[in-house]
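> with the sequence up front, the predicted model follows.
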Amino acid sequence: MEKAVAILCAGGPAPGINTVVATITKRFLSEGYRVLGLQHGYSTIFKDKTNYIEMTYEIADRIYDRGGSYLKMSRYKPKKEEFNDTFFRKENVVLLVTIGGDDTATTANRISIYLSEKNIKLQNIHVPKTIDNDLPLPKGIATFGYQTAKDEGSRLAKTVLEDARTNDTWFIVSAMGREAGHLALGIGNACHYPMIIIPEMFYKTKATFDRIIKLIVSSMIKRKLMGMFFGGVIISEGVFHFIDDEEIKNTGINFSYDDHGHPELGLLSKAHIINELLEKRLKELKLKIKCRPVEIGYEIRCVDPIAFDLRYCTNLGYAVKELYDRGETQCIAIATPTGEYVALKMKDISNAEGVIVPRLVDMQSEEIRTTMKSMEALEEKDIEAAKAFIPDPAEYTFNNILKLELK
């Protein structure tokens, strides 16, 4: 029986998935392998009937530059008791290629360990995909899809900021990002947003709604002192991961709750939540400032990849074939800026349970420290002038809110 390569995509979509799939398909088909595209991620790989399609060169040639994912995706995470080797033995699968983020990589790592214990010769290579850019790749190397998502997000965010300028309005923009703030930071920096709020900023204190609202008000007052009555704040949705459930419940906003009593934040716009809390604070402070919520998320996940990601994802597809030929397994495929293909071992970036820890924004880097100092927010020197707008401006200085000593 011909040797087969199985490819699956899991998690959420990111620009460039089809480029990786198409490149891998072409490379392996040209050398006589079957290429099986698994549908709906991990959801049927251990079922009696695995849902897959036979990939062809014509399919690959048609999808390589398209957004979205030709292979249906799923966030399903199989439990260890579901693991079996039926599909791999039946189809003579010699390589499992997984495309996804940290959760997908972690599951692939667990499956690889299981199959190696069963003495099944199967190589596993993971391709790092996420617009969140939160996989712990070598410094300076992004996950694929991030650059395109940042590009499209910046296009939207620039338009929103121009709307603010046109109407003397403030916009509260929420960007995807889970626990990390890379995407919000990238978009905010690219568009010169007056205030960028990411979870990593709160490394000296705890993230709370009060501090988030104070940062926004601080920026609003600072801009007033500068003679500008409009602006934008971009917030990473990741800040919600660090706010206590009790505080979320006490906002007065009507949430639905899961079986464990946790607020189901995924069902609500984060921008709307922040905007509602902000309007309450502005009313308390007797500040007449218009503010509107905008969400940037699903709109940027399935756009056609830009040239950067088209080339990057093609190289990642090439890297999979090269690493396979070298005998690499249980690794992440890396395509370096200098043109090298490197195998990053999953065990080197996993904890004792085999879970891959997300990469966060490095708040101590020179770039980020300079970005923090460039935020348009109240400083000590603004306190006296700011008293014309709020009674206690010292509480609204950037350093005081975040317990920092930036100069």
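Perfect, I can see it now.

> and the helix or strand bottoming out on mean pLDDT in the chain, which residues are buried?
Least confident helix or strand of the chain, by mean pLDDT, DSSP states H and E, is helix 245-249 with a mean of 79. By neighbour count on 16 or more other CB atoms under 10 Å, the buried set for helix 245-249 is Ile248. C-betas here are computed from N, CA, C, even on glycine.

> shift numbering so it begins at 58
With 58 as the first residue, the last one maps to helix 302-306.

> and that helix, what does it pack onto?
Using 3 or more CB pairs under 8 Å, 6 or more residues apart in numbering; DSSP states H and E, no helix or strand is in contact with helix 302-306.

> please save the CA atoms from it in PDB.
In PDB, the C-alpha atoms belonging to helix 302-306 read as follows (Å, rounded to 0.1, in the frame of the first residue of the first chain):
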ATOM      1  CA  ASP A 302     -15.400  36.000  37.500                       C
ATOM      2  CA  GLU A 303     -16.800  37.800  40.600                       C
ATOM      3  CA  GLU A 304     -15.800  41.200  39.200                       C
ATOM      4  CA  ILE A 305     -17.300  40.400  35.800                       C
ATOM      5  CA  LYS A 306     -20.600  39.400  37.500                       C
END
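
> after that helix, which helix or strand is next?
helix 327-341 (DSSP states H and E).

> next one: that next one to chain centre, how far?
On the basis of CA atoms, centre = their mean, to the nearest Å, helix 327-341 sits 25 Å off its chain's mean C-alpha point.

> do the same with stretch 439-450
37 Å.

> and for that stretch, what are the contacting residues?
Val274, Ile278, Lys279, Lys281, Leu282, Leu342, Leu344, Leu435, Ala451, Tyr453, Thr454 (CB atoms under 8 Å, 6 or more residues apart in numbering).

> let's see that with 7 Å instead.
Residues outside stretch 439-450 that contact it (CB atoms under 7 Å, 6 or more residues apart in numbering) are Ile278, Lys279, Lys281, Leu282, Leu342, Leu344, Leu435, Ala451, Tyr453.

> what ranges do the strands span in the stretch 308-457 of the chain?
For the stretch 308-457 of the chain, the strands defined by DSSP state E, counting those that start in this stretch occupy 348-353, 388-392, 398-402.

> what separates Arg91 from Ala61, distance-wise?
To Ala61, Arg91 is 4 Å away according to CB to CB, to the nearest Å.

> now the lengthiest strand in the chain, how far from the centre of its chain.
Counting by DSSP state E, the longest strand found in the chain is strand 150-157. Put simply, strand 150-157 sits 22 Å off its chain's centre (CA atoms, centre = their mean).

> elements contacting that strand?
Helices and strands touching strand 150-157, by 3 or more CB pairs under 7 Å, 6 or more residues apart in numbering; DSSP states H and E, are strand 61-66, helix 74-86, helix 159-174, strand 180-185.

> which stretch in the ones you listed has the least confidence?
Here these differ in mean pLDDT, and the lowest is helix 159-174 at a mean of 83.

> tilt between that one and strand 150-157?
Interaxial angle of helix 159-174 relative to strand 150-157 (axes from the mean of the first three to the mean of the last three CA atoms, to 10 degrees): 160 degrees.

> can I get whichever strand or helix holds Phe145 as CSV, trimmed to CA atoms?
Element membership for Phe145, per DSSP H and E: helix 143-147. This file holds the C-alpha atoms of helix 143-147, laid out as CSV (Å, rounded to 0.1, in the frame of the first residue of the first chain):
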residue,chain,number,x,y,z
THR,A,143,-6.8,2.2,13.7
PHE,A,144,-6.7,5.1,11.2
PHE,A,145,-2.9,5.2,11.1
ARG,A,146,-2.5,1.5,10.5
LYS,A,147,-5.4,1.2,8.0
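
> buried set for it?
For helix 143-147, by 16+ other CB under 10 Å, it's Phe144, Phe145.

> can you give me the mean pLDDT across that helix?
91.

> how far off centre is that helix?
For helix 143-147 - counting by CA atoms, centre = their mean - the centre lies 33 Å from the chain centre.

> contacts for it?
Ile102, Thr107, Val150, Leu172, Ile177, Leu179.

> buried subset of these, written for PyMOL?
Here is the PyMOL command that selects the buried residues among the contacts of helix 143-147 (16+ other CB under 10 Å):
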select buried, resi 102+107+150+172+179
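
> circling back: parallel or antiparallel, list what pairs with the longest strand of the chain.
When pairing is defined by DSSP bridges, strand 150-157 lines up against strand 61-66 (parallel), strand 180-185 (parallel).

> next, the angle from the first one to helix 74-86.
Angle of strand 61-66 versus helix 74-86, following the same axes, to 10 degrees, is 180 degrees.

> again with the last one
Interaxial angle of strand 180-185 relative to helix 74-86 (the same axes, to 10 degrees): 150 degrees.

> thinking again about what came up before, which one's more surrounded, Arg91 and Ala61?
Ala61 (21 against 17; other CB atoms under 10 Å).

> what's the separation between the more buried one and Lys402?
Taken as CB to CB, the span from Ala61 to Lys402 is 24 Å.

> now Glu294
From Glu294 to Lys402 the distance is 31 Å (CB to CB).

> just Leu417 next, same as before
Using CB to CB, we find Leu417 at a distance of 21 Å from Lys402.

> ok, Val77 next?
To Lys402, Val77 is 20 Å away according to CB to CB.

> more neighbours: which of the two?
Applying other CB under 10 Å to Val77 and Lys402 shows that Val77 carries more neighbours, namely 31 against 13.

> export the strand or helix carrying Arg212 as PDB, just CAs?
Using DSSP H and E, Arg212 maps to helix 203-224. Extracted in PDB, the C-alpha atoms of helix 203-224 (Å, rounded to 0.1, in the frame of the first residue of the first chain):
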ATOM      1  CA  TYR A 203      -0.400  37.000  12.100                       C
ATOM      2  CA  GLN A 204       1.000  39.400   9.600                       C
ATOM      3  CA  THR A 205      -2.000  39.200   7.300                       C
ATOM      4  CA  ALA A 206      -4.400  39.600  10.200                       C
ATOM      5  CA  LYS A 207      -2.500  42.600  11.500                       C
ATOM      6  CA  ASP A 208      -2.500  44.100   8.000                       C
ATOM      7  CA  GLU A 209      -6.300  43.700   7.600                       C
ATOM      8  CA  GLY A 210      -6.900  44.700  11.200                       C
ATOM      9  CA  SER A 211      -4.800  47.900  10.700                       C
ATOM     10  CA  ARG A 212      -6.800  48.700   7.600                       C
ATOM     11  CA  LEU A 213     -10.000  48.500   9.600                       C
ATOM     12  CA  ALA A 214      -8.600  50.300  12.600                       C
ATOM     13  CA  LYS A 215      -7.300  53.200  10.500                       C
ATOM     14  CA  THR A 216     -10.700  53.700   9.100                       C
ATOM     15  CA  VAL A 217     -12.300  53.700  12.500                       C
ATOM     16  CA  LEU A 218      -9.800  56.300  13.800                       C
ATOM     17  CA  GLU A 219     -10.500  58.500  10.800                       C
ATOM     18  CA  ASP A 220     -14.200  58.200  11.600                       C
ATOM     19  CA  ALA A 221     -13.300  59.400  15.200                       C
ATOM     20  CA  ARG A 222     -11.500  62.300  13.800                       C
ATOM     21  CA  THR A 223     -14.300  63.200  11.400                       C
ATOM     22  CA  ASN A 224     -17.000  63.200  14.200                       C
END
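
> please consider this matter closed, and thank you.
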